[in-house]
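J.: sequence below, structure please.
(one chain, ligands or ions: 2)
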Amino acid sequence: MSSTPSSLPPRGSQANDDERLPVAFTLNGETVDTQVHPLDTLLEVLRDKLRLTGTKGACHEGECGSCTVLVNGIPMNSCLILAPQVQGSDLVTVEGLADGETLSNVQQAFLDLGAVQCGYCTPGLLIAAKAFLETCPDPTPEQIRKGMEGNICRCTGYVKVIDAVIEAAKTMPSLKGARHEQA
Ligand code: FES
Ligand code: FES
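T.: Ligands and ions are numbered 1, 2, ... in the order given. All right, here's what the predicted structure looks like:
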């Protein structure tokens with residue numbers, strides 16, 4: 001399985017309104033097998049077809065990160081991905097972070113530290129933070145700023161978000177064992 005979606009169709013390519021393509025992928029651990037218009041974005045399919053509205057769309061130009069989802073473990077802007085490109089991929093949206101009623105450590109840290117205001121950017125930030133902490137398990141504030149610079153919050157500053165990511169780093173499930181071994 002490729003770690004990134006397959007390449008974009010040629011610019012200027014056309015598709016009939018009623019044209020559909022089959023696409024199958026794993027979404028938050030469940031198999032999805034559906035039909036999409038060739039030019040549907042992944043964001044549109046997630047929200048409008050699959051009714052997972054946690055992922056937000058704002059700029060629709062790849063500039064704000066509000067639509068971030070994990071594609072094979074890599075945070076990507078779902079507004080820039082055509083749905084047929086995720087054939088065979090493993091997707092995680094914000095709905096896939098919690099374990100039933102139990103929030104993920106990143107969600108809990110955002111909640112505990114009040115790193116949410118209007119909340120519109122929050123799903124994208126949570127996904128980005130999870131992916132970032134997998135690659136940078138003990139980050140400095142500057143590393144967090146750099147590592148998550150693709151995610152924009154329009155409400156205020158990022159102080160509490162950075163605090164929450166640092167807090168979440170202390171409890172990253174997949175990193176606890178590795179840290180223990182290093183100790
Ligand atoms: S809506 Fe996708 S990056 Fe802004
Ligand atoms: S909390 Fe409102 S845009 Fe970030």
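
J.: which phi and psi does T53 have?
T.: As for T53, its main-chain torsions (degrees, to the nearest 10) stand at phi -90, psi 10.

J.: for the nearest residue to it once chain neighbours are set aside, give its distance to V94.
T.: Setting aside the residues directly before and after it, T53 is nearest to R47 in space (CB to CB, 6 or more residues apart in numbering), at 5.2 Å. Placement of C-beta: from N, CA and C, glycine included. Taking CB to CB, to the nearest Å as the criterion, R47 is separated from V94 by 12 Å.

J.: on that earlier part again, backbone dihedrals for the residue nearest to T53, please?
T.: Backbone geometry at R47, expressed as degrees, to the nearest 10, gives phi -80, psi -50.

J.: isn't it up against G57?
T.: Yes - using CB atoms under 8 Å, R47 is in contact with G57, at 7.1 Å.

J.: stretch 42-62 near ligand 2 at all?
T.: No - shown here: stretch 42-62 not in contact with ligand 2 (CB under 6 Å from any ligand atom), separated by at least 8.3 Å.

J.: can you give the contact residues for stretch 53-69?
T.: Contacts made with stretch 53-69 from outside it, assessed by CB atoms under 8 Å, 6 or more residues apart in numbering, are listed as 42-43, 46-47, 75-80, 91-95, 120-121, 123-125, 127-128, 148, 150-152.

J.: again, but for stretch 155-171
T.: In this structure, residues lying in contact with stretch 155-171 by CB under 8 Å, 6+ apart are 105-106, 108-110, 112-115, 117-118, 121, 125, 129, 132-133, 137-139, 141, 144-145, 148, 153, 175.

J.: for the residue sitting nearest the centre point of the chain, pull up the helix or strand it's in.
T.: Among the residues of the chain, the one closest to the centroid is V69, at 2.2 Å (CA atoms, centre = their mean). With secondary structure defined by DSSP states H and E, V69 is part of strand 68-71.

J.: enumerate the residues of the protein near ligand 1.
T.: If contacts are counted using CB under 6 Å from any ligand atom, the residues of the chain sitting beside ligand 1 are G57, A58, C59, H60, G62, E63, C64, G65, S66, C67, N77, C79.

J.: next, the second one: secondary structure please.
T.: Spelled out, it's A58. Put simply, A58 is coil when judged by DSSP: H, G, I helix; E, B strand; the rest coil.
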